[in-house]
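Peer 1: here is my input; please provide its structure:
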Amino acid sequence: MRTRYRLRLAVNAVNGSTLTGAGVALLGRARLARAPDGLWLATGYRLPVPPAPAFCVGNVIVTRLADIPAGSALLRHEARHATQFAWCGGVVMIPLYLAAAGWSWAVTGDFGSRNVFERRAGLADGGYTDKPPRPAIRRLIVRTPERADTGTSRT
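Peer 2: Model prediction:
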């Protein structure tokens with residue numbers, strides 16, 4: 001295992017997010033199994049929330065699916081979230097993620113499109129698409145054209 005994955009594994013163990021992820025997986029009656037790069041894969045999650053087909057808490061990737069193949073885009077996407085948990089100090093990432101999802105929904109009507117965590121994890125790899133801002137937001141951010149410099153000076 002590469003050093004960066006060992007570091008992520010250790011940080012998420014110390015900050016409690018992997019233990020929290022295992023608890024969420026067990027609560028949802030998912031089956032835990034080892035996955036590549038120090039991750040755990042919890043398959044067959046049965047709770048209705050969150051509605052996503054897969055999500056990550058610490059080094060635990062939780063999914064309703066029967067499996068997420070090693071090397072798949074979805075596994076890479078969720079692995080990036082595991083790294084985000086390490087960088088964000090563990091479960092502190094959950095309210096930060098929810099705030100980012102709220103921002104994305106307010107701007108685009110989609111929870112993932114402008115969510116900084118989803119963008120940094122790779123929108124397409126997670127099954128998200130880039131959505132434009134809502135029309136009212138677009139009107140707010142339209143910039144006025146810069147004045148053209150005529151190249152003449154007044155003296």
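
Peer 1: when you work out contacts or count neighbours from here on, use the C-alpha atoms and nothing else.
Peer 2: OK.

Peer 1: any chance you could map the helices in the protein?
Peer 2: 3-14, 17-27, 73-87, 93-108, 116-121, 135-141 (DSSP state H).

Peer 1: quick check: buried residues in the shortest one?
Peer 2: Residues of helix 116-121 classed as buried by neighbour count (16 or more other Cα atoms under 10 Å): 116, 117, 118, 119, 121.

Peer 1: centre of the chain to it, how far?
Peer 2: Computed by Cα atoms, centre = their mean, to the nearest Å, the chain-centroid distance of helix 116-121 equals 5 Å.

Peer 1: just the CA coordinates of it, formatted as CSV?
Peer 2: Listed next in CSV are the C-alpha coordinates belonging to helix 116-121 (Å, rounded to 0.1, in the frame of the first residue of the first chain):
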residue,chain,number,x,y,z
VAL,A,116,-16.9,21.6,-3.7
PHE,A,117,-16.5,18.1,-2.2
GLU,A,118,-18.1,16.4,-5.2
ARG,A,119,-16.3,18.6,-7.7
ARG,A,120,-12.9,17.7,-6.1
ALA,A,121,-13.8,14.0,-6.0
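
Peer 1: show me what it is packed up against.
Peer 2: Judged by 3 or more Cα pairs under 8 Å, 6 or more residues apart in numbering; DSSP states H and E, helix 116-121 is in contact with helix 73-87, helix 93-108.

Peer 1: could you check the helix or strand bottoming out on mean pLDDT in the chain and say which residues are buried?
Peer 2: Counting by mean pLDDT, DSSP states H and E, the chain has its least confident helix or strand at helix 135-141, which shows a mean of 86. For helix 135-141, a neighbour-count test (16+ other Cα under 10 Å) marks nothing as buried.

Peer 1: tell me, how many residues neighbour residue 142?
Peer 2: Close neighbours of residue 142, defined as other Cα atoms under 10 Å, add up to 8.

Peer 1: now stretch 99-116: average pLDDT?
Peer 2: Mean per-residue pLDDT for stretch 99-116: 97.

Peer 1: returning to what we had before: from the helices and strands packed on helix 116-121, which stretch is densest packed?
Peer 2: Sort the helices and strands packed on helix 116-121 by mean neighbour count, taking mean count of other Cα atoms under 10 Å, and helix 73-87 sits at the top with a mean of 22.
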